[in-house]
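**Q** take a look and give me a structure for this.
(chains A and B)
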2 protein chains.
Amino acid sequence: MGKEKAMNQVDLAKSLSRTNTTKMVLLIMDGLGGLATGIGGLTELETARTPHLDALARTGMVGLMHPIGMGITPGSGPGHLGLFGYDPLRYVIGRGVLEAVGIGEKLTEKDVAARGNFCTVDENGVITDRRAGRISTQECTRMVEMIRDITLPGVEVIVKPVRDYRFALILRGEGLSPALNETDPQQVGLKPHEVVPLDQSESAKKTAELVNLWVSQVRQRIKDQKPANMVTLRGWAKEPGLPTFLEVYKLRAAALAVYPMYKGLAGLVGMTVMDGLNDLESQLACLEDNWDKFDFFFIHHKYTDSRGEDGDFQGKVAEIEKVDKVIPRILKLEPDVLVVTGDHSTPSALKSHSWHPVPLVFWAKQYIRFNPDVTGFGETQCLKGALGQFHATSLMPLIAAHALRLDKYGA
Amino acid sequence: MGKEKAMNQVDLAKSLSRTNTTKMVLLIMDGLGGLATGIGGLTELETARTPHLDALARTGMVGLMHPIGMGITPGSGPGHLGLFGYDPLRYVIGRGVLEAVGIGEKLTEKDVAARGNFCTVDENGVITDRRAGRISTQECTRMVEMIRDITLPGVEVIVKPVRDYRFALILRGEGLSPALNETDPQQVGLKPHEVVPLDQSESAKKTAELVNLWVSQVRQRIKDQKPANMVTLRGWAKEPGLPTFLEVYKLRAAALAVYPMYKGLAGLVGMTVMDGLNDLESQLACLEDNWDKFDFFFIHHKYTDSRGEDGDFQGKVAEIEKVDKVIPRILKLEPDVLVVTGDHSTPSALKSHSWHPVPLVFWAKQYIRFNPDVTGFGETQCLKGALGQFHATSLMPLIAAHALRLDKYGA
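**A** Next comes the predicted model:
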């Protein structure tokens, strides 16, 4: 056939989206999906007393959502990209950008960002500890203070501590390229690599020279420190330039999140990031105050994931119950669509993100294909849901459809 | 990545299909999928008394089919392409071709087709009404009579009324191209655009010149008419050259449809289009008369969609019951496979096509993986079906498989 080529989901949504006055809420409990304590047991969500979520499940639809694919455990970046409708295997956010975004740095299209590690080298410059004894965040902050005023010709240099031995490096200027090698040799007993350009472009050559200049100045300044006396750099990346929610869905979207990482991810897709939020109460108040100003609201609750990572089953249950209690306040605003789900599973049994599909409840004021066999919200009930099992990138089209914001495809 | 490349479904089917003596019937109730009247309520299909379809569901398999993707509402063209096994996001039929096909025009590979609008322009040629006051089909027919004998050098010109202010224009000849701009400026207060070629080819340049010549002659002939005194053209397209049912599935396929659009779509995939059919009775008689002449029969029933578009819940129920009554006549012919479904949903609650997945019942004489929890045919029952939820393009391979017409893939 030659010329024909399948359209991707973002382009399809962009070609079909239309404006309307309908309002949508996407409420994310980070790491919501869990695991039962044993055969015949209940998951965290199933254990939690969630009368309001159960009611949404009975009067809406439930299903299980795969963030990336069966067996694939998502990080926070890909998990949220999928929720927002961008195939995480197609739209890739570089580590350097995630690191910067995660500490609240706003990137511009002129920026190249990297993830940095403080490390320890011996008198010959050979690495003896790739993480400098896992120095504390406090020590990392002190080290960053020693190097943050290093300047480079023609570009702005931004260095910020992240956590433990990690920091973020951003170069801001014209004609920079992230086509650079990583300097961490990934093992002790070797010197950090020089930075070399990975393509033939002038911009990569210039950026490599600048970074080498920066590293040599860093080394001069910290060579007598202990245990951190050198740095390595990796994850070179530029702001990904994702098509925004306004471009794709014609939606004015607001992000109501507490943690910088999720504010940053929402910012990458063009959401307006609301500042000064520090708990569910402030998030709900912000939702109510701004109800008329936006079409779409992304609310992010972090602590379900935190308690899962802690292996704290009951703590995760308690976080889910807290979120359940705010559902009536959201419904009182009369959204056209309300979706409650997670960006991935974080079973307390695993103490980490996992590959398990995420339970999802989809409620809409109208046009619901009901699932009468479902009596509540939980992983097992979701097996009987009207949405079946589906890929995360189908969620945004489904939300937009129920908000009557997508035209039909073809005549 | 280099050499590996996923085979598309059509190429896969083509590489595996083999001949056999088995017979298949695909019975489409247009817009079959519906919505319940409220929580705890029933859809149109669930309300209808359908003892024969219920029996097929119990002795066959049911499931829910997504014509394009979750949340995406299909037009009739993409809806049917999916049913016939062609990914509607990969195989795109231009508007001009759909318009021509919809009024029963058979296109050749030499044709370029466009959708035309009669419009009203003022004394300066500026559009004052893009639809000429939405003139009647009768008036449109009169206008077409005034311009249908306009000739162009070296090509045949075909003009046919469609409906209201719309007409179809077909140019038939060697070396024509649809790479032309649309002349409708999409707003009043502007003149219609000149036609210009959208690529550098000789064929596009030549076609643009011919169309401009045609438009100027049209204007001369109708400039004193009211309210339609000018035309605009858009949706330039060529016959898509789809691989045919014979090529892909080695099937002699017959289309038993009443409406030109569906006859046309079936014609695009190489089905033999049976003429002179005007109701279910004549369609069934045609099926019986031609049972020995074809392998595959596509039967299309329009009125489920029509009643859905009218918002007539009970009317749609009645149409479904009518179709149920003909099932025994089909079974009496002893097909190897009988599938009953829709090309999309048209819930009477929405009065339009919708994105909801389409209930489907798949019956075969042998080799069925049963769904013992299913007691009848309906959207809710389909959630418990052996077919789960699946993409429309999987239907044709499944039909061909149960008719033992696909070889195994790989050794």
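**Q** now for the closest residue to residue A:294 other than its chain neighbours, how many residues are close by?
**A** Using C-beta to C-beta, 6 or more residues apart in numbering or on different chains and skipping the chain neighbours, the partner closest in space to residue A:294 is residue A:254 (4.2 Å). C-beta: built from backbone N, CA, C; applies to glycine. Burial of residue A:254 is recorded as 22 neighbouring residues (other C-beta atoms under 10 Å in any protein chain shown).
**Q** quick one: distance of the helix or strand containing residue A:254 to the chain centre.
**A** Per DSSP states H and E, residue A:254 falls inside strand A:253-256. Offset of strand A:253-256 from its chain centre (C-alpha atoms, centre = their mean, to the nearest Å): 14 Å.
**Q** residue of chain A nearest chain B, please.
**A** Nearest residue of chain A to chain B (C-beta to the nearest C-beta) works out as residue A:397 at 3.1 Å.
**Q** show me how far the lengthiest strand in chain A is from its chain's centre.
**A** Scanning chain A for the strand with the most residues, using DSSP state E, yields strand A:111-121. Taking C-alpha atoms, centre = their mean, one finds strand A:111-121 lying 21 Å from the centre of the chain it belongs to.
**Q** which other helices and strands contact that strand?
**A** Contacts defined by 3 or more C-beta pairs under 8 Å, 6 or more residues apart in numbering or on different chains; DSSP states H and E place strand A:111-121 against helix A:95-102, strand A:127-129, strand A:166-172, strand A:230-237.
**Q** the inter-axis angle of the last one versus strand A:166-172?
**A** In terms of direction (axes from the mean of the first three to the mean of the last three C-alpha atoms, to 10 degrees), strand A:230-237 departs from strand A:166-172 by 60 degrees.
**Q** moving C-terminal of strand A:230-237, what's the next helix or strand?
**A** Where DSSP H and E defines the elements, the next helix or strand beyond strand A:230-237 is helix A:245-249.
**Q** and that next one, how far out from the chain's middle?
**A** On C-alpha atoms, centre = their mean, the centre of helix A:245-249 falls 18 Å from that of its chain.
**Q** just stretch A:195-209 next, same as before
**A** Offset of stretch A:195-209 from its chain centre (C-alpha atoms, centre = their mean): 29 Å.
**Q** how long is it end to end?
**A** One end of stretch A:195-209 to the other measures 8 Å (C-alpha to C-alpha, to the nearest Å).
**Q** could I get the buried residue list for that stretch?
**A** Neighbour-count burial for stretch A:195-209 flags A:195, A:197, A:203, A:204, A:205, A:206, A:207, A:208 (criterion: 16 or more other C-beta atoms under 10 Å in any protein chain shown).
**Q** ok, the residues you listed vs residue A:158, which is closest?
**A** In terms of C-beta to C-beta, no member of those lies closer to residue A:158 than residue A:207, at 14.8 Å.
**Q** okay, residue A:2: pLDDT?
**A** For residue A:2, the pLDDT comes out at 34.
**Q** mean confidence for stretch A:127-141?
**A** Mean predicted lDDT for stretch A:127-141 stands at 96.
**Q** who touches that stretch?
**A** Outside of stretch A:127-141, the residues within contact range by C-beta atoms under 8 Å, 6 or more residues apart in numbering or on different chains are A:117-122, A:143, A:161-167, A:184-192, A:227-230, A:232.
**Q** tell me how far the nearest residue to residue A:85 once chain neighbours are set aside lies from residue A:27.
**A** The shortest distance from residue A:85 to any non-neighbouring residue, by C-beta to C-beta, 6+ apart, is to residue A:396 (3.3 Å). Look at residue A:396 and residue A:27: by C-beta to C-beta, to the nearest Å, they are 15 Å apart.
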